[in-house]
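Enquirer: Fold the following for me, if possible:
(chains A and B)
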Protein chains: 2
Amino acid sequence: MPAKTEIQIIDEGHAIAIALPNGTKQRFHAVWLRDNAWDETTRAPGNSQRLITLGDIPVDTRISAAEFEAGMLHLTFQPENRTIIYDPNWLAGHGYDGNQSKASGWTAPDIKTWDAGLNASIPIGDFGAVSRSQEALRDWLYGVRRYGFGKLTGGPVESGALFKVAELFGYIRETNYGKHFEVRTEVNPSNLAYTGLGLQAHTDNPYRDPVPTLQILYCLENSAQGGENMVVDGFRAAERLREENPRGFELLTRYCANFEYSGSAGVCLRSRRPMIELAPDGELVGIRFNNRSTAAITDVPYEDMADYYAAYRRLGEIIDDTSMEVTFKLAPGESFIVDNTRVLHARKGYSGAGSRWLQGCYADKDGLLSTLSAIELQDRKAA
Amino acid sequence: MPAKTEIQIIDEGHAIAIALPNGTKQRFHAVWLRDNAWDETTRAPGNSQRLITLGDIPVDTRISAAEFEAGMLHLTFQPENRTIIYDPNWLAGHGYDGNQSKASGWTAPDIKTWDAGLNASIPIGDFGAVSRSQEALRDWLYGVRRYGFGKLTGGPVESGALFKVAELFGYIRETNYGKHFEVRTEVNPSNLAYTGLGLQAHTDNPYRDPVPTLQILYCLENSAQGGENMVVDGFRAAERLREENPRGFELLTRYCANFEYSGSAGVCLRSRRPMIELAPDGELVGIRFNNRSTAAITDVPYEDMADYYAAYRRLGEIIDDTSMEVTFKLAPGESFIVDNTRVLHARKGYSGAGSRWLQGCYADKDGLLSTLSAIELQDRKAA
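Expert: Predicted structure coming up:
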């Protein structure tokens, strides 16, 4: 237990400096501490939602007393004259003093970028196991979060089975393509996906905002020649571009591209977003890459357009590089899921005797990540 | 028709300079022109999707000849040695030469920010009219795109009627709250929305990524005291903050906040996004503001946290300022829709005799904007 001397009230009570259980010494502002109180008048018991607004906290909130009692930190706030108790372990996990800015294009700690080397260890789950066992489901979802895709084997060979995959973790996103769509050769196709053409690796629906963040493709028939599926980690591709050509990377993050689809009656979808999307602090958060639906790019000034196009071309070359691709041919009852904000998917052309029939649907990552986080939280509590 | 002398091949054929029908003179790069060709080998007839990738276009693409014939621009590309025809009016609408960078926080031309002055002219539609008439639907959707919200009156007073509103333009987004949710007082509520408490103006589900971009709230009973709905334009609030305190505005755009909800079993939703979201070129594209679900903010360095909190507080004060709010009390059969990436909604507390029962659901903007754009496109073609 830290001694009382390990807390100092600083800046006239507007902050404290404290030695934390993780061995760091950090400063916290009084207003931040007051806003993040967990007492019953600040947070609703049961659902933990905050009951007060920032406006309910006095502007000149200061700390007048700070001490440890039984391992917990007791802070007294003025002018409210209230003492609130904090867990130093919670503070150790939520410190913000000494944050270092990160390199543009950093990725979150729970993801790992990959290339063709992953062919030997594709994240894979068994449909029956993940349906029955929370542990198997957790392991499979963990792989999807980490690698941005995952395969599922041993599922039923029946139309609509893809919905059962979505139900494992969340909810489908219905669009103008329906609750699901049939991926097989059509006459007069509304989308080139419904032909036998090979498709360059792409993310789906970049012309939609928000894009569907997950896609499930489920195989029902696959006896045609060709038609293998490929996936490419768009984040790794962006990292490679950044290493080779930092200015090109920066151009693809700084300027918005345009995307458009209006292949069916009553549909006119357009978006204006960058091909490589960063959070404001440089985290790599999204890839939009789709040759079929990229519209005229008009937000790049003339002076930067040649370099922008060179970077766009190079990103495509990296994506097409076979050293980047993980390839598999789905058997009936097999499916895969991709994080459509990160992982590109492709298919090789197919033709000849036999048939190829996949069903696809969109879903969203919030449900998947929530399901995984809730299982992980439960595991930690049980541990 | 421009004379031939009004086209110049420049930069050794890597670009042209051209006098356009709109009176401007603009340069276009050869590779950009080739990529944006509309001939049948570049774009699929019918669905207009691009058939080629950038890799199919030679690296050293140059223009060897440029001339007008019958008002159309004929460009010959090398080394392909192909002549492709361009409409100068299309080029006039897609020029990128002379783009000016805009001030941080600019808004798209098809939206208009507002404050309480809009109370006199709330965008409103009649349920029957918008269901029957494409023109009435267009006008109502136009208001929703422009102002980020719209009211609908005269709808059926029956459970599930809110789905009929969503069907006017798109698709609902199912979440852990269901396809829809009941907004009325509950015992042991999983969310404070299901109590009689007043709620500060907020955007919904900032802890979800992507957030639901639209919300529909549909009234079935409203005889309780109070319970009025309010909406506030978050974009206008951000503009006010920027005018008063440019540094505070910048801090709320530059650093991510954290949001969290884990009020029900199996649900643990978290996101890390800024309260004021800009596109990389400074366009204001999103507001996330919700006192109930804001988690500890840990991505702001100690040195900036006090100013960040001051800006967060001031943004809340602006949002709470009655000069910003549009208020109405829904009658049974009335509903409203908000762009949840922009417009905050609130409700006043309610109690006493009588009842209040709303149903809510989420949907997405892509469908709404697509439906509106498709009608507008049809109107232009018919004109």
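
Enquirer: contacting residues around A:G354?
Expert: By C-beta atoms under 8 Å, 6 or more residues apart in numbering or on different chains, the contact set of A:G354 is A:N222, A:S223, A:A224, A:Q225. Any C-beta I mention is one placed from the backbone N, CA and C, and that applies to glycine too.

Enquirer: Domain map for chain A?
Expert: Taking automatic domain parsing as the reference, chain A has its domains at A:4-93, A:116-377.

Enquirer: Does the first one reach chain B?
Expert: Put plainly, it is domain A:4-93. Yes. For a cut-off given as C-beta under 8 Å from any C-beta of the partner chain, domain A:4-93 has contacts with chain B, namely A:14, A:27, A:29, A:31-32, A:35-36, A:44, A:46-55, A:59.

Enquirer: surely A:V211 meets A:R342?
Expert: No. Using C-beta atoms under 8 Å, A:V211 is not in contact with A:R342, being 10.8 Å away.

Enquirer: shared neighbours of these two, anything?
Expert: Both A:V211 and A:R342 are in contact with A:G286, where contact means C-beta under 8 Å, 6+ apart.

Enquirer: before we move on, the earlier item: looking at the domains of chain A, which is buried most?
Expert: Ranked by mean neighbour count under mean count of other C-beta atoms under 10 Å in any protein chain shown, those are led by domain A:116-377, which reaches a mean of 20.

Enquirer: any idea how far A:R138 is from A:I124?
Expert: Using C-beta to C-beta, to the nearest Å, we find A:I124 at a distance of 14 Å from A:R138.

Enquirer: same thing with A:Q359?
Expert: Where A:R138 is concerned, A:Q359 sits at a distance of 26 Å (C-beta to C-beta).

Enquirer: again with A:V300
Expert: From A:V300 across to A:R138, the span is 44 Å (C-beta to C-beta).

Enquirer: And for A:A30?
Expert: A:A30 sits at a distance of 40 Å from A:R138 (criterion: C-beta to C-beta).

Enquirer: who's A:V232 bridged to?
Expert: According to DSSP bridges, A:E325, A:L344 are recorded as the beta-bridge partners of A:V232.

Enquirer: Let me see the contact set for the nearest residue to A:V183 once chain neighbours are set aside.
Expert: In space, and not counting its chain neighbours, A:V183 is closest to A:L358: 4.1 Å by C-beta to C-beta, 6 or more residues apart in numbering or on different chains. Contacts were defined as C-beta under 8 Å, 6+ apart; by that measure A:L358 touches A:E182, A:V183, A:R184, A:L217, A:Y218, A:C219, A:L220, A:N222, A:L330.

Enquirer: isn't the third one right next to A:S355, touching?
Expert: Meaning A:R184. Yes. When contacts are counted by C-beta under 8 Å, A:R184 is listed as touching A:S355 (7.4 Å).

Enquirer: mind checking the SS state of the nearest residue to A:P332 once chain neighbours are set aside?
Expert: Leaving out its chain neighbours, the residue that sits closest to A:P332 by C-beta to C-beta, 6+ apart is A:V157, at 4.5 Å. The three-state label given to A:V157 by DSSP: H, G, I helix; E, B strand; the rest coil is coil.

Enquirer: how close does A:V157 sit to A:G125?
Expert: Using C-beta to C-beta, one gets 17 Å for the distance from A:V157 to A:G125.

Enquirer: before we move on, what about A:A306?
Expert: From A:A306 over to A:G125 the distance is 46 Å, taken as C-beta to C-beta.

Enquirer: just A:D139 next, same as before
Expert: Distance from A:D139 to A:G125, counting by C-beta to C-beta: 7 Å.

Enquirer: And the strands in the stretch 251-383 of chain A, which stretches?
Expert: Residue ranges of the strands in the stretch 251-383 of chain A, as given by DSSP state E, counting those that start in this stretch, are A:257-261, A:269-273, A:276-278, A:284-287, A:325-328, A:335-339, A:343-347, A:350-351, A:356-363.

Enquirer: Of the ones you listed, which shows the lowest average pLDDT?
Expert: Among the strands of the stretch 251-383 of chain A, strand A:350-351 carries the lowest mean pLDDT, a mean of 81.

Enquirer: who does that strand pair up with?
Expert: In its sheet, and by DSSP bridges, strand A:350-351 pairs with strand A:225-226 (antiparallel).

Enquirer: The partner strand: how far from the chain's middle?
Expert: Averaging C-alpha coordinates over strand A:225-226 and over its chain gives two centres that are 32 Å apart (C-alpha atoms, centre = their mean, to the nearest Å).

Enquirer: Quick one: the strands in the stretch 51-200 of chain A, in order.
Expert: Taking DSSP E, counting those that start in this stretch as the criterion, the stretch 51-200 of chain A contains strands spanning A:62-69, A:72-78, A:82-86, A:124-126, A:149-153, A:172-173, A:181-183, A:199-202.
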